[in-house]
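Asker: Here is a sequence with its predicted model. Questions after.
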Amino acid sequence: MRMEVLQSQRVELMVGIAFALVAVGAGTAYYFYLSNKNKPKGCLDPENFKKFKLVKRTQLSHNVAKFRFDLPTPTSVLGLPIGQHMSCRGKDSQGEDVIKPYTPTTLDSDVGYFELVIKMYPQGRMSHHFREMREGDYLAVKGPKGRFKYQPGQVRAFGMLAGGTGITPMFQEELANLACSFPNRFNVYYVLNQILRCGPPPMNKAMAAHLEALGYAPQMQFQF
Ligand SMILES: Cc1cc2nc3c(=O)[nH]c(=O)nc-3n(C[C@H](O)[C@H](O)[C@H](O)COP(=O)(O)OP(=O)(O)OC[C@H]3O[C@@H](n4cnc5c(N)ncnc54)[C@H](O)[C@@H]3O)c2cc1C
């Protein structure tokens, strides 16, 4: 008799645990369903080029300009994770197709548009395309692209090292705003445990060697 009671209690306990597990599983699935449902869908397609209209061009220096492109609706988001870039397609001075990577200086929190800051080189192939672009023209863009996938809390601190237009992925982090908003948590002179490098090949090569000499092993350095 006592054995039967014990057995039935065990069955009840098992059924209870099974129900609890199913409830937790269903709750988690529903939570992820809701958070994905509420997340706006990005406008980029990794397989196909999509065209975006240039709505404003601002000259920043003799060879650098900021290009602002409209997204399909005022509430659309680009859908480019931090640290990733996209391929832009244009025509060089010979009319040949050219595709080069660029990193917007805007984030997905900037809805309805994205911006590129482009340095135009005198004989650069894609530079020619950007130099010729006028407000109202369309730019073909494909993405997201890139190996760097940032997860919140991934590392305790980042170091960022930029040369020339390598500054653009660093801009995504809105350094000044972060330093202002979180003076106790963010400082550009933080102790480093991972370095992001982006710049011309000679700079990257030289910096990799300097950083290694300073004790930053290759696996602590990431080249965009
Ligand atoms: C991840 C990533 C993100 C990037 N993001 C940005 C960004 O946000 N903004 C940005 O401006 N750049 C960015 N770049 C750089 C960008 O991809 C291009 O490399 C840059 O725009 C130059 O491309 P181009 O076709 O105009 O120049 P290229 O045709 O590749 O020319 C490169 C250099 O060679 C010189 N050159 C070319 N042909 C000749 C010739 N016949 N004789 C002499 N010299 C010549 C050019 O003047 C130029 O100085 C990024 C690069 C990467 C890897």
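Answerer: In hand now; what should we look at?

Asker: Could you tell me how far the residue of the chain found nearest the ligand is located from residue 138?
Answerer: Distance from the ligand to each residue of the chain (CB to the nearest ligand atom) is smallest for residue 124, at 2.3 Å. In short, each C-beta sits where N, CA and C put it, glycine included. Counting by CB to CB, to the nearest Å, the separation of residue 124 from residue 138 is 20 Å.

Asker: So for the two, which residue has more residues nearby?
Answerer: Remark: of residue 124 and residue 138, residue 124 carries more neighbours, 18 against 12, as counted by other CB atoms under 10 Å.

Asker: For the closest residue in space to residue 40 that isn't next to it in sequence, list the residues it contacts.
Answerer: Of all residues not flanking residue 40 in the chain, residue 77 sits nearest, at 4.7 Å (CB to CB, 6 or more residues apart in numbering). Neighbouring residues of residue 77 by CB atoms under 8 Å, 6 or more residues apart in numbering: 40, 41, 42, 43, 71, 108, 111.

Asker: same thing but 6 Å
Answerer: Neighbour list for residue 77: 40, 42, 108, 111 [criterion: CB atoms under 6 Å, 6 or more residues apart in numbering].

Asker: okay, who's weakest in those by pLDDT?
Answerer: Among these, residue 40 has the lowest pLDDT, at 71.

Asker: Using the three-state scheme, assign that one.
Answerer: Three-state assignment for residue 40 (DSSP: H, G, I helix; E, B strand; the rest coil): coil.

Asker: now residue 207
Answerer: Under the three-state scheme (three-state DSSP), residue 207 adopts helix.

Asker: a strand runs through residue 56, doesn't it?
Answerer: Yes: assessed by three-state DSSP, residue 56 belongs to a strand.

Asker: doesn't residue 68 make contact with it?
Answerer: Yes: the pair residue 56 / residue 68 is scored as a contact, 4.1 Å apart, by CB atoms under 6 Å.

Asker: Residue numbers of this protein in contact with the ligand?
Answerer: Contacts of the chain with the ligand, taken as CB under 6 Å from any ligand atom, map to 85, 98, 100-103, 116-119, 121-127, 165, 168, 224.

Asker: same thing but at 8 Å, please
Answerer: 64, 85, 92, 98, 100-105, 116-130, 145-146, 164-166, 168-169, 198, 224 (CB under 8 Å from any ligand atom).

Asker: Now which of those residues would you call buried?
Answerer: Among these, those scoring as buried are 85, 98, 100, 102-105, 116-120, 124-130, 146, 165-166, 168-169, 198, 224 (criterion: 16 or more other CB atoms under 10 Å).

Asker: among those residues, which are in strands?
Answerer: 85, 98, 100, 102, 116, 117, 118, 119, 198 (DSSP state E).

Asker: who's in contact with residue 146?
Answerer: 84, 85.

Asker: If we use 10 Å, what do you get?
Answerer: Shown in contact with residue 146 (CB atoms under 10 Å, 6 or more residues apart in numbering): 80, 81, 83, 84, 85, 86, 101, 103, 169, 224.
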